[in-house]
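1. Test case, fold it:
(one chain, ligands or ions: 1)
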Amino acid sequence: MVRVHVGTTLPFPSPPHPIRSTILTTMSPFSPSLLSTTRCFSCKIDRYTHTSPTLGSLPATFSVILPPTATAAIYWLSGLTCTDQNFVIKAAAASHAHEHSVAIICPDTSPRGAGTPEEDDTWDFGTGAGFYVDATTEPYKKHYRMASYVVHELPLVVKEVLGDKVGEAKAIMGHSMGGMGALSLALRNPGLYTSVSAFSPIANPVNCPWGEKCYSKYLGENREAWGGYDPSVLMKKRGEPLVSRILVEQGGADEFLEKQLMTNRFMEACTEVGQKVTLNMAEGYDHSYYFIQTFIGKHVEFHAEQLRKAGKTSSGGV
Ligand SMILES: N[C@@H](CCC(=O)N[C@@H](CSC=O)C(=O)NCC(=O)O)C(=O)O
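-> From the prediction side, this is the model:
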């Protein structure tokens, strides 16, 4: 096989010369491959695996709901215990993706097989509980880097498998730990996501048992550092609105609301800085995917509208 470094001048005409394209593809550090493909409404539901340099060279998996007319993408971040598939199977989002011509990209919730202490002992730490942070402590910091994975690496892999189909424009949404991740990553990267929404987010992780358990291990005992991944702390620290409006969906019968989620803390932070936020308290709904399935159409429509208004462009992030 001919090996070349990206950037080397090749003795071939410019793309789309097929030989040149083939050679550059073999140089990818991600080596993505399609695990499965199926169809739902007009959408393809594709599942990919790839090598993830960001996650310490472990294999990573993600799913894509892809309507043929998609021109932009919404990233969906799932909650504790999920893989890339919970949303695809349980949220019934394909008809909405089809209706609004947006792709939905679903990453996994943690690295898998990192081999770090206690990662498979409990459901709310380690595997399935990456919390969308970049760990700073040993031995987690080599693999537990879901913030950088979602913000930096995954869009590159998506571009590699979809080409320019969904462009650069991105929105982000998520559930519970993933709702927290969506809000935090949007706040950490102003301008990167055109819009942000959350279902039952863990709104103030530095002050709840799930957050305390994970952040003390991933980020160490200095609680100041935890605030870098806390939507309420980040919003207050920012001191001004992030986007024109944030959408939050919260079940009134959610079993985790008082002890873990504390949605009111995020609402208070938004009020303090003048951030417009719409909180829909949905009476009778719990924390499950039945709740998500009920309201996902509204969120896809919200993001599609913001992406359209933004003219499908956004700037790079940190
Ligand atoms: N231990 C239980 C509860 C786990 C749970 O409810 N997980 C939620 C997210 S909670 C916050 O991030 C979830 O989305 N579960 C997946 C699903 O498909 O419902 C358990 O293990 O079930």
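
2. C-alpha only now, for contacts and for neighbours.
-> Noted.

3. hey, what's Met173 bridged with?
-> Beta bridges link Met173 to Trp76, Ser197, judged by DSSP bridges.

4. Just give me the neighbour total for it.
-> Neighbour count for Met173, taken as other Cα atoms under 10 Å: 29.

5. same check, this time on Lys259
-> When counting by other Cα under 10 Å, one arrives at 12 neighbours for Lys259.

6. What separation do you get for the closest residue to it other than its chain neighbours and the ligand?
-> What sits nearest to Lys259 in space, not counting adjacent residues and going by Cα to Cα, 6 or more residues apart in numbering, is Cys208, at 6.7 Å. According to Cα to the nearest ligand atom, to the nearest Å, Cys208 and the ligand sit 12 Å apart.

7. Does Cys208 touch Leu257 like I think?
-> No - with contacts defined as Cα atoms under 8 Å, Cys208 does not count as touching Leu257, sitting 10.7 Å away.

8. Between those two, which is the more surrounded one?
-> When Cys208 is set against Leu257 and neighbours are counted by other Cα under 10 Å, the residue ahead is Leu257, at 21 against 16.

9. before we move on, the earlier item: how about the residue nearest to Lys259, what does it touch?
-> Residues near Cys208 by Cα atoms under 8 Å, 6 or more residues apart in numbering: Lys259, Gln260, Leu261.

10. what about it, distance to Leu185?
-> 19 Å (Cα to Cα, to the nearest Å).

11. now do Gly239
-> Taking Cα to Cα as the measure, Gly239 falls 16 Å from Leu185.

12. Give the residue from the two that has the larger number of neighbours.
-> Neighbours of Gly239 and Leu185, each counted by other Cα under 10 Å, are more numerous for Leu185; the result is 28 against 14.

13. Which helix or strand contains the spatially closest residue to that one that is not a sequence neighbour?
-> Taking Cα to Cα, 6+ apart as the measure, Leu185 lies nearest to Ala147, with 7.1 Å between them; neighbours along the chain are not counted. Here Ala147 sits within helix 146-148, counting by DSSP states H and E.

14. How about the residues of the stretch 201-318 of the chain by the ligand?
-> Taking Cα under 6 Å from any ligand atom as the contact definition, the stretch 201-318 of the chain meets the ligand at Ser288, Tyr289.

15. where along the stretch 201-318 of the chain do the helices fall?
-> Remark: helices of the stretch 201-318 of the chain, listed N- to C-terminal, are 209-218, 223-226, 231-238, 263-273, 289-309; assignment by DSSP state H, counting those that start in this stretch.

16. can I get the ones you listed in TSV with mean neighbour count, distance to Val88 and mean pLDDT?
-> Converted to TSV, the helices of the stretch 201-318 of the chain look like this (neighbours: other Cα atoms under 10 Å; distance: least, Cα to Cα, whole Å; pLDDT from 0 to 100):
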stretch	mean neighbour count	distance to Val88	mean pLDDT
helix 209-218	19	25	98
helix 223-226	16	30	98
helix 231-238	22	25	98
helix 263-273	18	25	98
helix 289-309	18	11	97
